[in-house]
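Asks: Build me a model from this:
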Amino acid sequence: MAKKKKRRSGFGAALGRFVGFLAASAMCGVLVASLVVPAVAAAGIGVSNSIGFFEGLPKELTVQPPSQSTRVLTSDGQPIATFYAENRVRIPLDQMSPYIKDAIISIEDSRFYEHAGVDPQGILRAVIANVTKGDQQGASTITQQYVTNVVNEARLSQDRPDEVVLSGQKDMGDKLREMRLAIALEKKYSKDQILEGYLNIVFFNSDAYGVEAAARYFFGTTAKDLTLPQAALLAGLVNSPTFYNPAINPENSLARRNQVLDEMLRLRKITQAQHDEAKATPVELKITPERQGCANAAMAPYFCDYISHLILNNPAFGPNEVERERKLYRGGLTIVTTLDSRLQAAAQAQVDSTAGANPDKWGAALVTVQPGTGKILAMAQNTAFLPEPGKFDTQLNFNVDARDPQGNDLNGAGGFQTGSTMKPFTFAEWLNEGKSLTTEIDASRRVYPLGFPWRSSCGKVLGAYSTAQNNPELGAADDLQNSEEGFYRKMPINYGLYNSINTATFASAAQLDFCGIQKMVDAVGLHSGLDGTPINMHQLGNLLGATGVAPLHLANAFATFANDGRYCNPIALLDIKDATGGKLPAQTTECRDAVKPEVARGVNSVLQDVLVRGSGFWIQPKVHDKWPTAAKTGTSNNNGATWIVGYTSGLATASFFGDALEGQKRAGQNVTINGTFYPRLDGYMIAGPQWANYMLKAVPLYPAAPFPGPPQSMIGPSPTPTPAPKR
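Replies: As a prediction, this is how the structure comes out:
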């Protein structure tokens with residue numbers, strides 16, 4: 001026993017001398033430097049050098065906003081998706097429960113409001129505990145911890161994760177730097193500002209950075225509404241987020257929570273009654289992981305993917321893709337889109353009902369554009385963004401181009417053959433050249449040989465009639481077919497359009513300047529969905545929709561007719577703000593005159609007959625019975641792509657059904673869809689009801705006014721009534 005007593009006496013004397021040395025230090029900076037000198041010397045660094053290193057550190061610390069989550073919203077404020085590298089939602093201190101503030105100070109830094117960034121008493125307490133009890137206590141104040149978090153966050157946001165230094169990895173230089181920066185930080189910011197910054201940046205869990213995200217993740221609540229036991233549990237987490245994680249180490253977490261409550265009682269932050277009640281409260285978790293990225297979107301994953309590409313492709317958000325991705329995933333943006341959650345829900349329900357989980361992987365898509373603004377109001381397709389058992393999955397967006405005009409990836413399918421939905425644009429040029437919408441044409445002709453004198457004022461011989469022989473671009477159509485017999489005859493041109501007669505379209509084109517047809521197609525924004533190039537209307541197959549066009553741009557082209565001939569660029573981004581509330585470039589409505597108003601009105605007058613007595617006659621429900629509605633059906637040659645594009649004055653919607661992934665090589669013939677056998681698919685069969693059922697829910701939300709009629713001079717003499725075809 002005597003030997004043991006002697007050892008204690010020796011230690012007590014040494015400790016007394018050490019405490020006396022500490023007490024002799026009058027200034028915080030000298031104290032801290034003196035504490036670390038022995039360790040520096042032991043590491044082989046001279047005392048004078050260590051002091052020089054300490055004094056040479058920066059005197060100020062620039063605190064950059066930490067990485068924050070980006071939110072994507074519909075135009076009516078509903079959440080679409082969240083993007084983040086670290087799930088964090090920054091909030092002001094006054095939006096945090098007072099319990100979390102008191103709890104974190106009590107357990108992490110009880111003298112937070114008394115020291116100047118570095119706490120000599122805390123260092124002394126840690127040294128004594130480490131020496132006498134063998135503990136591994138740290139002495140970092142909240143300010144020091146904040147400094148470490150800020151520095152590490154800066155390294156992470158600059159893609160330098162290998163430079164991140166965790167608490168257990170700090171060497172003497174790291175500690176010196178941390179102390180010096182903490183002192184400098186306290187000179188620049190108030191205590192409340194530092195506490196707010198700390199609570200917004202500190203790591204609670206891999207799914208929760210900052211107290212707001214932690215409250216949401218662990219308890220499904222907000223930082224403002226944290227109860228005392230909830231706040232104490234979160235405060236206890238920061239010391240060791242894994243060891244004290246209540247989801248995986250509940251006993252450790254409970255013991256740590258109660259330790260925090262004990263400290264809060266000792267420091268008189270809570271009463272004995274509050275303490276006892278909180279200790280008796282069981283830990284009740286409501287783990288609510290944030291769903292990150294478009295794959296986990298609350299709605300419209302493909303629209304989400306589209307707007308993410310718009311941002312990642314736009315130099316306004318950074319000089320390169322890395323910087324733009326950092327802005328999206330770390331910038332805390334609030335992105336308000338054009339999407340209408342009501343229309344989106346209706347569109348998604350409809351495409352899922354049309355052909356959701358089908359083993360043959362037929363694609364269904366709907367997209368709606370608002371005439372007069374270009375706003376994309378809905379974008380849906382019948383696929384899962386990620387593989388799911390029993391689901392048709394793809395990440396390709398059926399509704400958009402493969403690339404944007406600059407050649408940047410949009411992750412789109414690249415469009416589908418439009419079939420007869422292209423016919424109205426030839427008809428629009430017919431009216432544009434001053435011809436009547438009731439003129440009789442000869443639709444009996446089925447053969448247009450290479451020598452046929454098509455007219456092309458912009459061909460190789462300007463202002464002259466060109467022929468396929470000296471202008472190979474014009475090509476030739478051999479034995480032109482209609483979908484049904486009985487239409488190879490003379491007929492009014494409007495009758496040929498609303499009944500979708502191929503030979504009628506060619507008969508009208510034979511009297512037109514193909515350069516005018518080209519200008520008409522270009523004016524309404526139609527282009528190849530694969531590479532964005534103009535559709536070459538000198539290739540005769542394109543009169544009947546041989547080139548793939550994305551549904552978005554087909555809907556927008558028809559919206560031009562609905563908008564009295566004014567074309568508006570399609571837009572998806574209404575408003576974008578950064579984490580400070582500063583505005584970033586979004587998209588604004590940009591419109592231009594594209595089609596003469598009287599021409600647009602003439603087209604509208606004929607396309608209204610499509611649903612009344614033409615190729616869309618059998619489509620149910622009868623949307624046109626309720627609102628003035630125009631439409632055009634379309635089917636590709638092999639029936640693998642079927643359409644209806646229909647519109648009111650308030651909405652223009654493209655509805656697609658067909659082969660979306662096989663490059664339209666698969667024929668829509670002798671197929672069974674949802675238990676129904678089809679000898680051949682047609683636009684009115686599946687795409688038509690899909691469009692009609694959706695529009696029945698959508699149109700009331702965007703009032704439909706009657707379309708203005710065409711001038712009398714365009715109507716011409718009344719033709720002999722022709723009965724609707726029997727189908």
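
Asks: Which parts of the stretch 301-450 of the chain are helices?
Replies: Remark: helices assigned in the stretch 301-450 of the chain by DSSP state H, counting those that start in this stretch are 301-312, 321-330, 341-355, 423-432.

Asks: Report the inter-axis angle for the first one versus helix 341-355.
Replies: With axes from the mean of the first three to the mean of the last three Cα atoms, to 10 degrees defining the directions, helix 301-312 sits at 120 degrees from helix 341-355.

Asks: Including mean pLDDT, could the helices of the stretch 301-450 of the chain go into a markdown table?
Replies: As requested, those are exported to a markdown table (pLDDT from 0 to 100):
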| stretch | mean pLDDT |
| --- | --- |
| helix 301-312 | 98 |
| helix 321-330 | 93 |
| helix 341-355 | 96 |
| helix 423-432 | 98 |
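
Asks: Packed most tightly, which of the ones you listed would that be?
Replies: Neighbour counts (mean count of other Cβ atoms under 10 Å) averaged over each of these peak at helix 423-432, with a mean of 26. C-beta coordinates here come from the backbone N, C-alpha and C atoms, glycine included.

Asks: Now stretch 396-411: buried residues?
Replies: For stretch 396-411, a neighbour-count test (16 or more other Cβ atoms under 10 Å) marks 396-404, 410-411 as buried.

Asks: could I get the helices of the stretch 301-450 of the chain as CSV with distance to E277?
Replies: Shown next, in CSV, are the helices of the stretch 301-450 of the chain (distance: least, Cβ to Cβ, whole Å):
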stretch, distance to E277
helix 301-312, 44
helix 321-330, 40
helix 341-355, 42
helix 423-432, 73
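
Asks: out of these, nearest to A705?
Replies: In terms of Cβ to Cβ, the element of the helices of the stretch 301-450 of the chain nearest to A705 is helix 341-355, at 18.6 Å.

Asks: ok, back up a step: of the buried residues of stretch 396-411, which is the nearest to D513?
Replies: D401 (28.3 Å).

Asks: Next secondary structure element downstream of the least confident helix or strand in the chain by mean pLDDT?
Replies: Lowest mean confidence among the helices and strands of the chain (mean pLDDT, DSSP states H and E): helix 47-56, at a mean of 36. The element immediately downstream of helix 47-56 (helix or strand, assigned by DSSP states H and E) is strand 70-73.

Asks: strands paired with that next one, and their directions?
Replies: When pairing is defined by DSSP bridges, strand 70-73 lines up against strand 79-83 (antiparallel), strand 334-337 (parallel).

Asks: Let's test this: mean pLDDT of the longest one, rounded?
Replies: Read that as strand 79-83. When pLDDT is averaged along strand 79-83, the result is 96.

Asks: ok and it relative to helix 321-330, angle-wise?
Replies: Interaxial angle, strand 79-83 versus helix 321-330 (the same axes, to 10 degrees): 120 degrees.

Asks: the helices in the stretch 601-727 of the chain, which residues?
Replies: Counting by DSSP H, counting those that start in this stretch, the helices of the stretch 601-727 of the chain are 687-698, 712-715.

Asks: of the ones you listed, which approaches T221 most closely?
Replies: Closest among these, using Cβ to Cβ: helix 687-698, at 34.9 Å.

Asks: other SSEs contacting that closest one?
Replies: helix 341-355, strand 363-369, strand 630-635, strand 641-647, strand 652-658 (3 or more Cβ pairs under 8 Å, 6 or more residues apart in numbering; DSSP states H and E).

Asks: Just give me how far it sits from the chain centre.
Replies: 25 Å (Cα atoms, centre = their mean, to the nearest Å).

Asks: if we look at that helix, which residues are touching it?
Replies: 342-343, 346-347, 350-351, 353-354, 364, 366, 368, 377-378, 616, 618-623, 626, 629, 631, 633, 642-644, 646, 648, 651, 653, 655-658 (Cβ atoms under 8 Å, 6 or more residues apart in numbering).

Asks: Can I get the helices of the stretch 601-727 of the chain in TSV including mean pLDDT and mean neighbour count?
Replies: Compiled in TSV, those are given as follows (pLDDT from 0 to 100; neighbours: other Cβ atoms under 10 Å):
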stretch	mean pLDDT	mean neighbour count
helix 687-698	98	24
helix 712-715	93	12
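
Asks: For T418, which of these is the nearest?
Replies: helix 687-698 (11.8 Å).

Asks: what about the helices in the stretch 151-300 of the chain?
Replies: 172-188, 191-201, 211-219, 228-237, 250-266, 272-280.

Asks: would JSON lines of the strands paired with strand 70-73 with distance to T588 and mean neighbour count be doable?
Replies: Shown next, in JSON lines, are the strands paired with strand 70-73 (distance: least, Cβ to Cβ, whole Å; neighbours: other Cβ atoms under 10 Å):
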{"stretch": "strand 79-83", "distance to T588": "20", "mean neighbour count": "21"}
{"stretch": "strand 334-337", "distance to T588": "13", "mean neighbour count": "22"}
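
Asks: closest to L480 out of these?
Replies: Of the strands paired with strand 70-73, nearest to L480 by Cβ to Cβ is strand 334-337, at 43.8 Å.

Asks: Quick check: the farthest pair among the buried residues of stretch 396-411?
Replies: Most distant of those, by Cβ to Cβ, are F398 and D404, 16.7 Å apart.

Asks: returning to what we had before: Throw the helices of the stretch 601-727 of the chain into CSV and include distance to D192, thanks.
Replies: Shown next, in CSV, are those (distance: least, Cβ to Cβ, whole Å):
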stretch, distance to D192
helix 687-698, 50
helix 712-715, 72
